[in-house]
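1. what follows is a predicted protein model with its sequence.
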Amino acid sequence: MTQNAEHVLDHLDLFRGPEYQQMLANKKALFENPHDPREVERISEWSKTREYREKNFAREALTVNPAKACQPLGAVFAASGFEGTLPFVHGSQGCVAYYRSHLSRHFKEPSSCVSSSMTEDAGVFGGLNNMIDGLANAYNIYKPKMIAVSTTCMAEVIGDDLNAFIKTAKEKGSVPAQYDVPFVHTPAFVGSHVTGYDNALKSILEHFWDGKAGTASKLERKVNGKINFIGGFDGYTVGNIREIKRIFELMAIEYTILADNSDVFDTPTDGEFRMYDGGTTLEDAANAIHAKATISMQQHCTEKTLSFVEGHGHEVAAFNYPIGVSATDEFLMTVSRMTGKPITKALERERGRLVDAMADSSAYMHGKKFAIYGDPDLCYGLSSFLLELGAEPAHVLSTNGGKAWAEKMEDLFASSLFGKNCSAYPGKDLWHMRSLLCTEPVDYLIGNTYGKYLERDTGTPLIRIGFPVFDRHHQHRYPVWGYQGGINVLVKILDKILDQMDRTGADYSFDIIR
């Protein structure tokens, strides 16, 4: 089968052609040293047993398919939320290509980020020259208002000092002496993308508030009536941030969104390329010190940042990815208390609509068992909402969740009758999740795109919520926070449940009305 210009075949059909099937069979037989298919099947079945699960959960020195990314990805995401800011990663070019591709494949948008392009010589002698040349090139070619520097494994292993390197680069004229170059060390071999986000955002606020690297004088706080809002590392940043702005405007609240990347990951196609679009202005980032309070929607994603902000006299509040009724109630009541602004009738009506939608669909949600994986705050928010719906989040796994997260999850389970048989698994990976799905099956799995392999392997239907979602388009445009976001999540889950009912019940229950 050859391609024809009149009828170009997609790979889905092309590789099913007889010559391709024969080619792949020959490759497997001649070059892959295959084992007896019966033995492969036997071991595969054994790996789904309780015996294997015990061995799987006993491993300590190996991680298989972790449900997390590395620190610099989070740093790049945070930096992109500031006006005219170019993320600059001190490390190898290949690493930066990974961060850019991860973001652009999820958001279906270009992701601007540059690298100091460290190679073997820089790995031996240090990357100072790469920093000097890289900052000069980035500043002169891309004309950013700010360059935010982070690191990769290579720079961290050899101990490159960003503070000293940036000062030297300024002395050599790479960028003006007073030019804004906040920096953060983000070793990719510890923590995760949420750690990197936290470290990067803290470093940017430090830069403007405390005058790091000699670029500004320390600011004196003069309290105003504003509040600061931090979304955290969020695959739904486009829809969620816009939803929060809408809510704040309904309540007539004065606010500053810190690291607002809702526009840069949703630029229009109108003939103009926008390397930088939207974002928190640098003036607003500096003036955010004067706010009366700071709110984070993701506690585990902003621990260091909130501690730093609190140390500057702010009242702080942290939530765990509020989805649904009670979590949104708590968020809005906290905002109302902090600002003195009442919750509007419009929001009360939205709350009623969510409650109504939950009641309409309760028969299909009640008693369903779910497995969830992802970032710690997302897992908590989804679990809380499922419990409200009368469902059971039986297995909740977070590779980058720690002991404190697990304890908070257990308290959540204990607060509901539906949480009686639910468990949290901190620090575990998707191979652990496979064992859970095989030995204690659930009805549905919630997580990012990588769960499609678990779906195929275990037969557990996947509902895609999280980051990254590569194989579905435009989900990031719809909010999942707040009352309206709760409806969006409910519809997404219900659609999968109803599709599954039609798929498995076609022999005797293929009803028009559900």
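-> Received it, and whenever you're ready, just let me know what you need.
2. C-alpha only now, for contacts and for neighbours.
-> Noted.
3. strands of the stretch 51-200 of the chain, residue ranges please.
-> Here the stretch 51-200 of the chain has its strands, by DSSP state E, counting those that start in this stretch, at 85-90, 114-115, 146-151.
4. residues contacting residue 301?
-> When contacts are counted by CA atoms under 8 Å, 6 or more residues apart in numbering, residue 301 touches 194, 195, 197, 198, 232, 233, 377.
5. for residue 405, find the nearest of the strands of the stretch 51-200 of the chain.
-> Nearest to residue 405, of all the strands of the stretch 51-200 of the chain, is strand 146-151, at 26.7 Å by CA to CA.
6. what are the contacting residues of that closest one?
-> With contact meaning CA under 8 Å, 6+ apart, strand 146-151 is reached by 72, 75-76, 79, 83-91, 139, 179-187, 200, 204.
7. likewise for stretch 130-141?
-> 90, 114-118, 122, 144, 147, 165-166, 168-169, 172-175.
8. one more time with 7 Å
-> For stretch 130-141, the surrounding residues in contact (CA atoms under 7 Å, 6 or more residues apart in numbering) are 116, 117, 118, 165, 169, 174, 175.
9. tell me the spacing between the residue nearest to the fourth one when sequence neighbours are not counted and residue 204.
-> Computed as CA to CA, 6 or more residues apart in numbering, the closest residue to residue 165 that is not its neighbour in sequence is residue 128, at 5.9 Å. Per CA to CA, to the nearest Å, residue 128 is found 22 Å from residue 204.
10. go through the contacts of stretch 130-141 and name the one nearest residue 503.
-> Nearest to residue 503 among the contacts of stretch 130-141: residue 117, at 50.5 Å, using CA to CA.
11. wait, doesn't the closest one sit right on residue 94?
-> No - if you go by CA atoms under 7 Å, residue 117 and residue 94 don't touch, sitting 8.3 Å apart.
12. the two: which has the busier surroundings?
-> Comparing residue 117 with residue 94 by other CA atoms under 10 Å, the one with more neighbours is residue 117, at 18 against 11.
13. any residues touching stretch 158-168, and which ones?
-> Counting by CA under 7 Å, 6+ apart, stretch 158-168 makes contact with 123, 126, 127, 128, 131, 183, 213, all of which sit outside it.
14. including neighbour count, could the residues you listed go into TSV?
-> As requested, the contacts of stretch 158-168 are exported to TSV (neighbours: other CA atoms under 10 Å):
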residue	neighbour count
123	17
126	19
127	25
128	21
131	26
183	29
213	19
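15. quick one: low-confidence parts of the chain?
-> 1-2, 212-217 (pLDDT under 70).
16. in the stretch 301-450 of the chain, which spans are helices?
-> Using DSSP state H, counting those that start in this stretch, the helices of the stretch 301-450 of the chain run over residues 303-310, 325-339, 345-365, 376-388, 403-414, 430-439.
17. send the alpha carbons of the fourth one over as PDB?
-> Going back to what we said before, that points to helix 376-388. Taking Å, rounded to 0.1, in the frame of the first residue of the first chain, the C-alpha atoms of helix 376-388 are listed here in PDB:
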ATOM      1  CA  PRO A 376      -2.400  16.800  45.300                       C
ATOM      2  CA  ASP A 377      -4.800  19.700  45.200                       C
ATOM      3  CA  LEU A 378      -6.600  18.500  42.100                       C
ATOM      4  CA  CYS A 379      -7.100  15.000  43.700                       C
ATOM      5  CA  TYR A 380      -8.500  16.600  46.800                       C
ATOM      6  CA  GLY A 381     -10.900  18.900  44.900                       C
ATOM      7  CA  LEU A 382     -12.200  16.000  42.700                       C
ATOM      8  CA  SER A 383     -12.600  13.700  45.700                       C
ATOM      9  CA  SER A 384     -14.600  16.300  47.700                       C
ATOM     10  CA  PHE A 385     -16.900  16.800  44.800                       C
ATOM     11  CA  LEU A 386     -17.400  13.100  44.200                       C
ATOM     12  CA  LEU A 387     -18.400  12.600  47.800                       C
ATOM     13  CA  GLU A 388     -20.900  15.400  47.500                       C
END
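18. and the angle for that helix with helix 403-414?
-> Counting by axes from the mean of the first three to the mean of the last three CA atoms, to 10 degrees, helix 376-388 lies at 10 degrees to helix 403-414.
19. now helix 376-388 against helix 325-339, angle please.
-> With the same axes, to 10 degrees applied, the angle from helix 376-388 to helix 325-339 works out at 120 degrees.
20. other residues contacting helix 376-388?
-> 298-300, 320-324, 372-373, 392-393, 396, 398, 400-401, 405, 409, 416, 418.
21. mind giving me the PyMOL select for these, buried ones only?
-> Selection of the buried residues among those in PyMOL, burial being defined by 16 or more other CA atoms under 10 Å:
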select buried, resi 298+299+300+320+321+322+323+324+372+373+392+393+396+398+400+401+405+409+418
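22. hmm, back to that, so which of the strands of the stretch 51-200 of the chain is nearest residue 52?
-> Among the strands of the stretch 51-200 of the chain, the nearest to residue 52 by CA to CA is strand 146-151 (38.7 Å).
23. between the strands of the stretch 51-200 of the chain, which one is nearest to residue 438?
-> Closest among the strands of the stretch 51-200 of the chain, using CA to CA: strand 146-151, at 39.2 Å.
24. for the helices of the stretch 301-450 of the chain, which one sits closest to residue 16?
-> From those, taking CA to CA, the stretch that ends up closest is helix 430-439, at 28.7 Å.
25. identify the residues contacting that closest one?
-> Contacts to helix 430-439, defined as CA under 7 Å, 6+ apart, come from residues 48, 49, 50, 53, 56, 57, 64, 65, 66, 67, 454, 458.
26. which one of those is nearest to residue 315?
-> Checking these against residue 315 with CA to CA, the nearest one is residue 67 at 32.5 Å.
27. mind checking how far that closest one is from residue 25?
-> According to CA to CA, residue 67 stands 33 Å off from residue 25.
28. again, but for residue 184
-> 50 Å.
29. neighbour-wise, which of those two wins?
-> Higher neighbour count among residue 184 and residue 25: residue 184, with 21 against 11, using other CA under 10 Å.
30. pretty sure that one contacts residue 201?
-> No - taking contacts as CA under 7 Å, residue 184 lies outside contact range of residue 201: 9.0 Å.
31. quick one, strands of the stretch 401-514 of the chain?
-> Residue ranges of the strands in the stretch 401-514 of the chain, as given by DSSP E, counting those that start in this stretch, are 423-426, 444-447, 462-464.
32. same question, the stretch 201-350 of the chain
-> 227-230, 255-258, 293-296, 315-318.
33. deepest in the core, which of the ones you listed is it.
-> Across the strands of the stretch 201-350 of the chain, averaging neighbours per residue (mean count of other CA atoms under 10 Å) puts strand 293-296 on top, at a mean of 25.
34. show me what that one is packed against.
-> In this structure, strand 293-296 packs against strand 227-230, strand 315-318, with contacts taken as 3 or more CA pairs under 7 Å, 6 or more residues apart in numbering; DSSP states H and E.
35. let's go with 8 Å and repeat that
-> Identification of packing neighbours for strand 293-296 by 3 or more CA pairs under 8 Å, 6 or more residues apart in numbering; DSSP states H and E yields strand 227-230, helix 303-310, strand 315-318.
36. what does the second one rub up against?
-> Put plainly, it is helix 303-310. 198, 199, 201, 202, 289, 294, 296, 316.
37. what angle do the longest helix along the chain and helix 325-339 make?
-> Ranked by residue count and defined by DSSP state H, the top helix of the chain is helix 482-504. Counting by the same axes, to 10 degrees, helix 482-504 lies at 170 degrees to helix 325-339.
38. alright, that wraps it up for me.
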